[in-house]
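J.: Let's see this in three dimensions:
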Amino acid sequence: MLRAEVQYRENALIVRLEGRFTGKGTEEVRMLMTRRNSEKELVVDLTDVTFIDSVGEAVLSFFSRLGAKFVAVDAYMLDVCERLHLPLARSRKEKETALGGHCRP
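T.: Model (predicted):
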């Protein structure tokens, strides 16, 4: 099951994903993001994602082409980001800004 939460910040649009980023749910999130205000930075938080299939990987690559930065903290998500060449919000300050001042350990 997939849960997607969208938060609008002053300077960014944060998409927090939770669960399995697979199948039809990934396409729904992709369609939602194509309707976004492209002036704001797009940040995709993968902290609570447990699995990504090939469709989900394609959608994450699409987000990367839109200029998204990704938040990943565990080995699995970091590996996915590295394999797909997804840009990470690397510094603590970038993560705090992206996540509204709450950086997850």
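J.: ok, the residue nearest to the spatial centre of the chain - contacts?
T.: Closest to where the C-alpha atoms of the chain average out (C-alpha atoms, centre = their mean) is residue 44, at 1.9 Å. Taking C-beta atoms under 8 Å, 6 or more residues apart in numbering as the contact definition, residue 44 lies against 15, 17, 60, 63, 68-71. Just so you know, the C-beta spots here come from the backbone N, C-alpha and C atoms, and that holds for glycine as well.
J.: Check residue 27 too.
T.: 55, 59.
J.: Export the helix or strand containing it to CSV, keeping only CA atoms.
T.: Element membership for residue 27, per DSSP states H and E: helix 23-34. C-alpha atoms of helix 23-34 as CSV (Å, rounded to 0.1, in the frame of the first residue of the first chain):
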residue,chain,number,x,y,z
GLY,A,23,2.1,-0.1,-9.9
LYS,A,24,-0.9,2.1,-10.3
GLY,A,25,-0.1,4.3,-7.2
THR,A,26,3.1,5.5,-8.8
GLU,A,27,1.3,6.6,-11.9
GLU,A,28,-1.2,8.6,-9.8
VAL,A,29,1.6,10.3,-7.9
ARG,A,30,3.3,11.1,-11.2
MET,A,31,0.2,12.7,-12.7
LEU,A,32,-0.3,14.7,-9.5
MET,A,33,3.3,16.1,-9.8
THR,A,34,2.9,17.1,-13.4
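J.: any idea which strand is longest in the protein?
T.: In the chain, taking DSSP state E as the definition, the longest strand is strand 41-52.
J.: In the helix holding residue 27, which residues are buried?
T.: Of the residues in helix 23-34, 25-26, 29-30, 33 count as buried by neighbour count, 16 or more other C-beta atoms under 10 Å.
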